[in-house]
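>>> Following is a predicted model, sequence given first.
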Amino acid sequence: MFVECGSAGVMYWGDAKFNRIEKANLDGTGRTLLLTESAFNDFHYAAFVFHAGNIFFTDWKNEYVYRL
């Protein structure tokens, strides 16, 4: 999991069991599903990072880096 360190106060996390990436406000409101397995044809992320307003994540199964 990682937390956006701006005034927005948003946390992002990945769920390896269900292959998805989500976000929510630090107070738990506004939970949003950002990515599911079906969106990228059976991906298996290894790591992800928030940079310059984008989320980048690596896919160890397909050996690729994606940007959301």
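It's in.

>>> which SS state does the spatially most central residue of the chain fall under?
With distances taken as CA atoms, centre = their mean, I21 lies nearest the centre of the chain, 3.6 Å away. With DSSP: H, G, I helix; E, B strand; the rest coil as the basis, I21 sits in strand.

>>> list the contacts for it?
Residues in contact with I21 (CB atoms under 8 Å, 6 or more residues apart in numbering) are Y12, W13, G14, D15, L33, L34, L35, Y45, F48, I55, F57, L68. C-beta coordinates here come from the backbone N, C-alpha and C atoms, glycine included.

>>> Confidence-wise, which of those comes last?
Across the contacts of I21, the smallest pLDDT goes to Y45, namely 72.

>>> who does the residue nearest to the centre of the chain bridge with?
G14, L35 (DSSP bridges).

>>> quick one: it from V65, how far?
To V65, I21 is 14 Å away according to CB to CB, to the nearest Å.

>>> Please spell out the ChimeraX selection for the buried subset of the contacts of I21.
Entered in ChimeraX, the line below selects the buried ones among the contacts of I21, by 16 or more other CB atoms under 10 Å:
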select :12,14,35,45,48,55,57
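
>>> Please report how far K61 lies from N25.
31 Å.

>>> Skipping its backbone neighbours, what lies nearest E22 in space?
Computed as CB to CB, 6 or more residues apart in numbering, the closest residue to E22 that is not its neighbour in sequence is L33, at 5.4 Å.

>>> can you list the weak-confidence ranges in the chain?
Along the chain, segments meeting pLDDT under 70 span 1-7, 37-43.

>>> any chance you could map the strands in it?
Taking DSSP state E as the test, the strands found in the chain are 2-3, 10-15, 20-25, 32-36, 45-51, 54-59, 64-67.

>>> helices or strands up against the fourth one?
For strand 32-36, the helices and strands in contact under the criterion 3 or more CB pairs under 8 Å, 6 or more residues apart in numbering; DSSP states H and E are strand 20-25.

>>> swap in the second one?
Using 3+ CB pairs under 8 Å, 6+ apart, the elements in contact with strand 10-15 are strand 2-3, strand 20-25, strand 45-51.
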